[in-house]
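[1] make a model of this:
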Amino acid sequence: MNPGLGARLSITITLSDVGKRVTTRRKVPEGFRDAVGELEFWRDGVLGVRRRDGSLVEIDERTLVAAKVVPGRA
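    Prediction:
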């Protein structure tokens with residue numbers, strides 16, 4: 001395995017992406033957590049991602065390690 005070929009993590013979402021479907025990865029004490037859903041809000045340093053089961057995940061933007069807009073569900 002070539003150590004130079006690791007995954008690139010980047011945050012490419014902005015406030016203008018509210019209302020779009022996103023995927024996020026955040027750092028938690030146990031490792032990482034992912035959330036996929038509609039970005040409902042981004043205010044005061046907190047993102048709200050509504051999952052398809054209706055649950056709301058609130059994410060401190062300082063814990064984000066990756067995030068991007070993804071296509072809507074078919």
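
[2] do you know how far residue 21 is from residue 28?
    Computed as Cβ to Cβ, to the nearest Å, the residue 21 to residue 28 distance reads 22 Å. Bear in mind the C-beta positions are built from the backbone N, C-alpha and C, glycine included.

[3] which of the two has more neighbours?
    Counted by other Cβ atoms under 10 Å, residue 21 and residue 28 do not tie: residue 21 has more neighbours, with 17 against 8.

[4] quick check, that one in contact with residue 67.
    No - using Cβ atoms under 8 Å, residue 21 is not in contact with residue 67, being 11.6 Å away.

[5] closest to the centroid, which residue in this structure?
    Centroid-nearest residue in the chain: residue 24, 1.7 Å away (criterion: Cα atoms, centre = their mean).

[6] leaving out the residues flanking it, which one is nearest to that one?
    residue 67 (4.4 Å; Cβ to Cβ, 6 or more residues apart in numbering).

[7] and the helix or strand hosting the one you found, what does it pack against?
    Residue 67 belongs to strand 64-69 when assigned by DSSP states H and E. Applying 3 or more Cβ pairs under 8 Å, 6 or more residues apart in numbering; DSSP states H and E, we find strand 64-69 packed against strand 21-28.

[8] quick one: average pLDDT of the strand it packs on?
    Strand 21-28 carries an average pLDDT of 97.

[9] buried ones in the helix or strand just after that strand, by neighbour count?
    Moving toward the C-terminus from strand 21-28, the next helix or strand (DSSP H and E) is strand 31-43. Of the residues in strand 31-43, 35, 37, 38, 39, 42 count as buried by neighbour count, 16 or more other Cβ atoms under 10 Å.

[10] which ones are touching the first one?
    By that I understand residue 35. The contact partners of residue 35, by Cβ atoms under 8 Å, 6 or more residues apart in numbering, come to 23, 24, 26, 49, 51, 57, 59.

[11] gap between it and residue 12?
    Going from residue 35 to residue 12 by Cβ to Cβ gives 16 Å.
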